[in-house]
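> Build me a structure from this.
(one chain, ligands or ions: 1)
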Amino acid sequence: MSCPTLPIDRLHPWLAPLAGFSDLAFRLLCREYGASVCVTEMVSAKGLVYASPGSRDLLSTSSADLPLVAQLFGAEAPFLAKAVSMLRKKGFVWFDLNMGCSVRKVLRQGAGAAMLNDPDNALAAARAMIHAAEPGTVGFKLRLFPGEERGPFSRLREFSLRLQDEGAGWLTLHPRTAAQAFSGNANRDALEELASCLSIPLLASGDLMNAREGLRCLESTGVSGLMYARGALRDPIIFEDHLRLCRNAPPRQRRVAVLRDLALRHIRLARELSSGLSALWKMRTVIPRYARGLPGARALRDRLCRCTDWPALEEAVEEALDISCSMDENRSSNNVKPDRSPAI
Ligand SMILES: Cc1cc2nc3c(=O)[nH]c(=O)nc-3n(C[C@H](O)[C@H](O)[C@H](O)COP(=O)(O)O)c2cc1C
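Residues are numbered from 1 along each chain as shown. Next up is the predicted model:
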């Protein structure tokens with residue numbers, strides 16, 4: 001039986017892999033705002049094969065969490081192939097290999113962006129994953145090759161074409177080198193050049209902090225689709241904005257009531273889907289991002305730091321944002337602009 005293909009076009013924005021953040025609760029939240037495809041946090045292929053509980057937890061999912069791409073990292077073909085086979089038995093269909101992570105712990109294992117230093121090994125790893133999966137179900141997430149931050153992108157082009165020949169289903173490019181990490185600007189010329197020479201879809205990543213920027217990137221580079229990363233972390237409503245802008249509708253106004261619903265929904269999903277307190281600690285750092293720029297945001301952050309159970313966390317958010325909501329309503333009935341305009 002052939003697999004359905006993943007939607008990769010301007011009307012189907014993806015949620016990027018975000019280690020520490022693109023967990024099940026956040027993915028479901030982003031899907032509610034319009035994310036079409038989500039990618040898991042990166043998971044160690046070796047960790048999966050050796051059944052490390054941490055790796056297994058990173059892949060927890062549900063029937064509402066589809067379509068889902070499982071992202072692996074690792075540099076050894078046999079572990080990657082085995083991890084794909086194991087995950088297929090659990091029902092996973094789509095896979096991605098991280099060839100772009102610039103975190104030292106990953107680079108030290110020869111994985112992530114370090115794979116670009118040894119293209120033959122990287123291609124062997126890619127081949128092993130592709131052979132272990134259904135045709136067209138494995139993608140690869142790349143960065144620029146060392147020294148190619150300003151082009152020419154010849155090594156990137158050659159490597160990408162070889163991945164395409166091996167049977168890659170799609171590629172994603174974050175057009176910075178690993179040495180750049182997140183500094184400088186994502187090089188849109190590299191996206192344009194790669195999009196023009198590939199016959200498989202190319203997804204853009206990099207500096208897509210709001211939906212207008214996302215659409216600008218799609219139009220100026222000719223890529224097939226894109227994935228939001230830090231833009232979604234800061235504001236998951238980015239997906240709804242993206243879809244609105246595609247229909248020539250304006251982005252959603254970030255009234256406090258909208259941000260309150262967003263924060264409470266995220267808390268409820270996290271509470272429902274997690275056991276243990278680590279999800280609670282994480283939410284204490286996530287919620288202040290949604291309240292950024294609102295009156296009382298700092299007091300809320302301080303109060304959240306003292307919350308040690310879910311009811312206290314919800315109560316803190318409800319109380320703080322209810323106060324902001326009534327200020328917002330007064331302001332709008334007086335025809336004054338809300339403090340925080342859409343981040344676009
Ligand atoms: C907190 C964080 C975690 C990330 N984790 C991953 C990851 O697990 N796998 C991966 O391929 N990229 C990861 N990335 C990179 C993003 O997917 C994305 O390519 C990068 O942030 C550039 O996009 P942006 O500038 O729009 O944020 C991560 C980025 C951030 C900020």
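> alpha carbons only for contacts and neighbour counts from here, please
OK.
> how near is V317 to L294?
12 Å (CA to CA, to the nearest Å).
> do M209 as well
Following CA to CA, the distance that separates M209 from L294 is 19 Å.
> And A257, by the same measure?
Separation of A257 from L294 (CA to CA): 11 Å.
> swap in L173?
34 Å.
> and what of A126?
46 Å.
> likewise S62?
For S62, the distance to L294 - CA to CA - is 34 Å.
> Also V49?
Counting by CA to CA, the gap from V49 to L294 is 46 Å.
> got it, and L191?
Distance from L191 to L294, by CA to CA: 36 Å.
> Same check on E76?
47 Å.
> now do G276
For G276, the distance to L294 - CA to CA - is 30 Å.
> between those two, who's got more neighbours?
When G276 and L294 are compared for neighbours, L294 comes out ahead with 20 against 8, by other CA atoms under 10 Å.
> For the residue nearest to I237 when sequence neighbours are not counted, which residues are in contact?
Spatial nearest neighbour of I237, excluding adjacent residues (CA to CA, 6 or more residues apart in numbering): Y33 at 5.8 Å. If you count contacts by CA atoms under 8 Å, 6 or more residues apart in numbering, Y33 has them with 236-240.
> quick one: which of those is nearest P7?
P7 lies nearest to F239 out of those, by CA to CA, at 14.7 Å.
> does the closest one really touch C30, like I thought?
Yes - applying CA atoms under 8 Å, one finds F239 in contact with C30, separated by 7.2 Å.
> anything in contact with each of those two?
A232.
> Comparing the two, which shows the higher neighbour count?
A direct count of neighbours by other CA under 10 Å for F239 and C30 places F239 higher, at 29 against 26.
> Do you know the pLDDT at that one?
Per-residue confidence at F239 stands at 98 (pLDDT).
> What values do phi and psi take at it?
phi -70, psi -40 (degrees, to the nearest 10).
> Tell me who's in contact with it.
Per CA under 8 Å, 6+ apart, neighbours of F239: 13, 30, 33-35, 211, 232.
> next one: L321
Contacts of L321 (CA under 8 Å, 6+ apart): 256-257, 260.
> Y228 too?
Y228 neighbours (CA under 8 Å, 6+ apart): 13-16, 205, 208-209, 214.
> Just send those back as TSV, with neighbour count, distance to S44 and pLDDT too.
Below are those laid out as TSV (neighbours: other CA atoms under 10 Å; distance: CA to CA, whole Å; pLDDT from 0 to 100):
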residue	neighbour count	distance to S44	pLDDT
P13	26	25	98
W14	29	22	98
L15	29	20	98
A16	26	17	98
S205	27	22	98
L208	22	26	98
M209	19	28	98
G214	24	29	98
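> For the stretch 201-344 of the chain, what lies in contact range of the ligand?
205-209, 228-231 (CA under 6 Å from any ligand atom).
> same deal with the stretch 1-150 of the chain?
16-19, 41-42, 98, 100-101, 141.
> ok, and the closest non-adjacent residue to the residue of the stretch 1-150 of the chain found nearest the ligand?
Distance from the ligand to each residue of the stretch 1-150 of the chain (CA to the nearest ligand atom) is smallest for L18, at 3.4 Å. Closest residue to L18 apart from its sequence neighbours, by CA to CA, 6+ apart: E41 at 5.2 Å.
> A178 now?
The spatially closest residue to A178, leaving aside those adjacent along the chain, is S102, at 5.0 Å (CA to CA, 6+ apart).
> List the residues that contact the one you found.
112-114, 178-179, 181.
> how near is M227 to D189?
Following CA to CA, the distance that separates M227 from D189 is 17 Å.
> Show me which of the two is the more surrounded one.
M227 (29 against 16).
> looking at it, the more buried one is touching L15, isn't it?
Yes - counting by CA under 8 Å, M227 does reach L15; the two are 5.3 Å apart.
> G54: which of the contacts of L321 is nearest?
Nearest to G54 among the contacts of L321, with distances taken as CA to CA, is R260, at 31.4 Å.
> So the closest one: helix, strand or coil?
helix (DSSP: H, G, I helix; E, B strand; the rest coil).
> and it, what is it in contact with?
317-318, 321-322.
> Mind doing that once more with 7 Å?
L321 (CA atoms under 7 Å, 6 or more residues apart in numbering).
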